[in-house]
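**Student:** Pasting the sequence and the predicted model now:
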Amino acid sequence: DTGVSQNPRHKITKRGQNVTFRCDPISEHNRLYWYRQTLGQGPEFLTYFQNEAQLEKSRLLSDRFSAERPKGSFSTLEIQRTEQGDSAMYLCASSLRRENSPLHFGNGTRLTVT
Amino acid sequence: QQPVQSPQAVILREGEDAVINCSSSKALYSVHWYRQKHGEAPVFLMILLKGGEQKGHDKISASFNEKKQQSSLYLTASQLSYSGTYFCGTEVTGNTPLVFGKGTRLSVIA
């Protein structure tokens, strides 16, 4: 168990640029989640996958956000035309498919939009 | 709908006890508890299922009151290592994404 890996750890970008983050889940986990966390808040759900299928996407999620998990292994989260309000920690988590499985979080990617 | 956690913050001296509550206006299937230390990822503590089950984890335990839709996390004889922000995450069915509360910041001082 090597844990959930996220890259990069930090990303600074200028407003209007596109950014892409990568998440490598625990190998036997078939569920993968993306959350966003801002200072003083709990993780906010963005989207999740079961294998390669994207099962749910937050209604609050802008169309500028897109996520993929092409082969049911790693996932990418892309933000297009970044805005200052996108600045946050983006957390990836994975779990087994069965009910009551805990989430295993990665260390996150901190995005700063200037 | 986001669960409500209370208190927002608490300061304890080593050896003191604390209770953190998590309430929902919706009927819950389960409640998860996580602890996050500054600059680190949230770490899983335990899951409580509907049915009023109480679980223990070293000196940290939790309960789930299905009638009140409330879970409580109990930290006894606190240690410095307990410091961090505690989040509850709730799900209304067994296959819905967790919705997290805003967290309770716990500081244990010597």
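**Tutor:** Noted; the coordinates are in hand.

**Student:** those strands in chain A, which residues are they?
**Tutor:** A:5-7, A:10-13, A:19-24, A:31-37, A:44-50, A:53-57, A:65-68, A:75-79, A:88-95, A:104-105, A:109-113 (DSSP state E).

**Student:** CSV please, covering those and showing distance to chain B, mean pLDDT and mean neighbour count.
**Tutor:** For every residue, glycine as well, the C-beta is placed using N, CA and C. Below are the strands of chain A laid out as CSV (distance: least, C-beta to the nearest C-beta, whole Å; pLDDT from 0 to 100; neighbours: other C-beta atoms under 10 Å in any protein chain shown):
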stretch, distance to chain B, mean pLDDT, mean neighbour count
strand A:5-7, 9, 97, 17
strand A:10-13, 12, 98, 14
strand A:19-24, 12, 98, 18
strand A:31-37, 6, 96, 24
strand A:44-50, 5, 95, 21
strand A:53-57, 6, 93, 14
strand A:65-68, 13, 96, 18
strand A:75-79, 14, 97, 20
strand A:88-95, 7, 97, 24
strand A:104-105, 4, 96, 22
strand A:109-113, 10, 98, 18
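
**Student:** Not counting sequence-adjacent ones, nearest residue to residue B:70?
**Tutor:** residue B:23 (4.6 Å; C-beta to C-beta, 6 or more residues apart in numbering or on different chains).

**Student:** and that neighbour, what are its bridge partners?
**Tutor:** residue B:4, residue B:70 (DSSP bridges).

**Student:** residues in contact with it?
**Tutor:** B:3-6, B:68-70 (C-beta atoms under 8 Å, 6 or more residues apart in numbering or on different chains).

**Student:** repeat for residue B:73
**Tutor:** Counted by C-beta under 8 Å, 6+ apart, residue B:73 has contacts B:19-22, B:33, B:45, B:60-62, B:86, B:88.

**Student:** one more time with 7 Å
**Tutor:** B:20, B:33, B:60, B:62, B:86 (C-beta atoms under 7 Å, 6 or more residues apart in numbering or on different chains).

**Student:** From chain A, how far off is residue B:88?
**Tutor:** According to C-beta to the nearest C-beta, to the nearest Å, residue B:88 stands 8 Å off from chain A.

**Student:** so that residue makes contact with residue B:35?
**Tutor:** No. Residue B:88 is beyond contact range of residue B:35, at 10.8 Å (criterion: C-beta atoms under 7 Å).

**Student:** pLDDT below threshold where in chain B?
**Tutor:** B:51-56 (pLDDT under 70).

**Student:** what does it put close to chain A?
**Tutor:** Residues of chain B lying close to chain A (C-beta under 7 Å from any C-beta of the partner chain) are B:30, B:32, B:40-42, B:44, B:47, B:49, B:87, B:94-95, B:97-103.

**Student:** The residues you listed, buried ones only, as a PyMOL selection?
**Tutor:** Command for PyMOL that selects the buried part of those, burial taken from 16 or more other C-beta atoms under 10 Å in any protein chain shown:
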select buried, chain B and resi 30+32+41+42+44+47+49+87+97+98+99+100+101+102+103
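
**Student:** before we move on, the earlier item: top of the contacts of residue B:23 by number of neighbours, please.
**Tutor:** residue B:3 (25 neighbours; other C-beta atoms under 10 Å in any protein chain shown).

**Student:** so what's that residue up against?
**Tutor:** B:22-24, B:88, B:90, B:99, B:101.

**Student:** Quickly note the distance from it to residue B:62.
**Tutor:** 14 Å (C-beta to C-beta, to the nearest Å).

**Student:** Who has more neighbours out of residue B:88 and residue B:35?
**Tutor:** Taking neighbours as other C-beta under 10 Å, residue B:88 and residue B:35 compare with residue B:88 leading, 31 against 21.
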